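> when you get a sec, could you give me coordinates for this:
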Amino acid sequence: MTATGEHPAAAGGAGPSPDWVDLAGADELRGPRTLAVRHGELQLCLLWPADHDRPAAFGDVCIHKQRSLAKGVVLN
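Predicted structure coming up:
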């Protein structure tokens, strides 16, 4: 996904890089929500902070409670 929420190929680019992994669409991340996804052995929390121009991904474990970040609220 690009900063505008488009896949690189849709944005006129040459397509995804070898490191690109399409895990969710921009419409699934817009707004105050988080999304838990699995990629291989990794459990990730995806979100699109309102004050950022692109989505973010984190390991889906709260270091304080050892629970899913995607099931809670991510403040910063």
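> give me phi/psi at the residue positioned nearest the centre of the chain?
The C-alpha lying nearest the average C-alpha coordinate of the chain belongs to residue 46 (Cα atoms, centre = their mean; 3.0 Å). Main-chain dihedrals, residue 46, degrees, to the nearest 10: phi -110, psi 140.
> count the neighbours of residue 52 for me.
10 (other Cβ atoms under 10 Å). (Glycine included, C-beta is placed from N, CA and C.)
> quick revisit: excluding covalently adjacent residues, which one is nearest to the residue nearest to the centre of the chain?
residue 35 (4.5 Å; Cβ to Cβ, 6 or more residues apart in numbering).
> how close does residue 30 get to residue 19?
Computed as Cβ to Cβ, to the nearest Å, the residue 30 to residue 19 distance reads 23 Å.
> so for the two, which residue has more residues nearby?
Using other Cβ under 10 Å, the more surrounded residue of residue 30 and residue 19 is residue 30, with 12 against 5.
> I figured the more buried one hits residue 46, correct?
No. Counting by Cβ atoms under 8 Å, residue 30 stays clear of residue 46, with 11.4 Å between them.
> how about the residue nearest to the centre of the chain, what does it touch?
With contacts defined as Cβ atoms under 8 Å, 6 or more residues apart in numbering, the neighbours of residue 46 are 23-24, 28-29, 34-37, 55-57, 70.
> separate out the buried members of these.
23, 29, 34-35, 37, 55, 57, 70 (16 or more other Cβ atoms under 10 Å).
> just the CA atoms of the helix or strand bottoming out on mean pLDDT in the chain, as CSV, please.
None of the helices or strands of the chain scores lower by mean pLDDT, DSSP states H and E than helix 26-29, at a mean of 86. Taking Å, rounded to 0.1, in the frame of the first residue of the first chain, the C-alpha atoms of helix 26-29 are listed here in CSV:
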residue,chain,number,x,y,z
ALA,A,26,-6.7,0.6,3.0
ASP,A,27,-10.4,0.5,3.6
GLU,A,28,-9.9,-2.1,6.3
LEU,A,29,-7.5,0.2,8.2
